[in-house]
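Peer 1: next one to model:
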Amino acid sequence: MLIRSYNLNLNHSDQGGGHTGPHFQLIAHGSGMLLCFIFFLCLLSSCASAPKAEDIKKAETLNNLGTAYLNDGKLNEAFVEFQKALALNPRNKETLNYLGYISTRFRKYDDAISYYNKAISIDPNYAEAVHNLGVTYADMEAWDEAIKYFKAALSNPVYSTPAQAYSNLGYAYYRKGDFVNAEKSLREAMMRNPVFPMATYILGLVYVETNNDKSAIEEFKKAIGVVPDYADAHWELAKIYLRTGQKARALKHFEVVAEKDTNTARRREALIYIQQLKY
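Peer 2: Okay, here's the model as predicted:
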């Protein structure tokens, strides 16, 4: 349901330093001489660990290979290449963002959150990582946290894909049962991208929950108009038509689900409805 963009331009502006705050408070309680000494050691460590130009170039090649694997849906292979890239250049925010995305797909949420926070600590204005962090919390069904990060991404004026964040924000509000803010967010998404089937589909779900079948049908049809095989939208239309006694129309959409859906359980359920409606 959520949009996950692994060409990751995600916004996270205010959430990167959760661990560094307490750390610096503890140091500040020591003597001035100790603070200066520790700061000097940190500088030496930073200089010593700075990646060489050759390593940065190798890391970029590995990033490109990882991206190619990711585009082919080969998550394991992509993860390996990004890990190699990170070992060569630990401060590459894009590498960390990719690893966060893959970790979320693997449901290793603690790892994903760590990768995203590291990326944000490197660039606090890295809106893409902020948005993806919201996606991770949404996968965890931590809706309040997801909403916080989607809003943080949208607060960045140069964030390049606000329609995605607004759509995901609308979905999070929908799942919370806040249908007013869900509709508002989804309308914002569609203002920025009028041809956005995901946003129209989610808005249809909002209308189903608010007993507005007419508007729900309109939104689901819009989604199908852009993506004809949109199984989720066909499923919802079929259920509305079945509930309102429009059996022929329900049958038409159940048949699409039975033929096109990748959800095996729902495809079987659609076949049962088809048998009942035909006979």
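Peer 1: CA atoms for contacts and neighbours, from now on please.
Peer 2: OK.
Peer 1: just how off-centre is stretch 167-175 within its chain?
Peer 2: Counting by C-alpha atoms, centre = their mean, to the nearest Å, stretch 167-175 is centred 11 Å from the centre of its parent chain.
Peer 1: tell me which other helices or strands the host helix or strand of Leu237 touches.
Peer 2: Assigned by DSSP states H and E, Leu237 belongs to helix 231-243. Applying 3 or more C-alpha pairs under 8 Å, 6 or more residues apart in numbering; DSSP states H and E, one finds that helix 231-243 makes contact with helix 213-226, helix 247-260.
Peer 1: relative to helix 247-260, how tilted is whichever helix or strand comes after the last one?
Peer 2: Beyond helix 247-260 in the direction of the C-terminus, DSSP H and E gives the next helix or strand as helix 264-278. When axes from the mean of the first three to the mean of the last three C-alpha atoms, to 10 degrees is applied, the directions of helix 264-278 and helix 247-260 differ by 150 degrees.
Peer 1: what average pLDDT does the helix holding Leu237 get?
Peer 2: Averaged over helix 231-243, pLDDT sits at 98.
Peer 1: can you pull the buried residues of it?
Peer 2: Residues 231-242 are the ones in helix 231-243 that count as buried (16 or more other C-alpha atoms under 10 Å).
Peer 1: can you add distance to Gly177, mean neighbour count and mean pLDDT and give the helices and strands packed on helix 231-243 back as CSV?
Peer 2: Below are those laid out as CSV (distance: least, C-alpha to C-alpha, whole Å; neighbours: other C-alpha atoms under 10 Å; pLDDT from 0 to 100):
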stretch, distance to Gly177, mean neighbour count, mean pLDDT
helix 213-226, 16, 19, 98
helix 247-260, 27, 20, 97
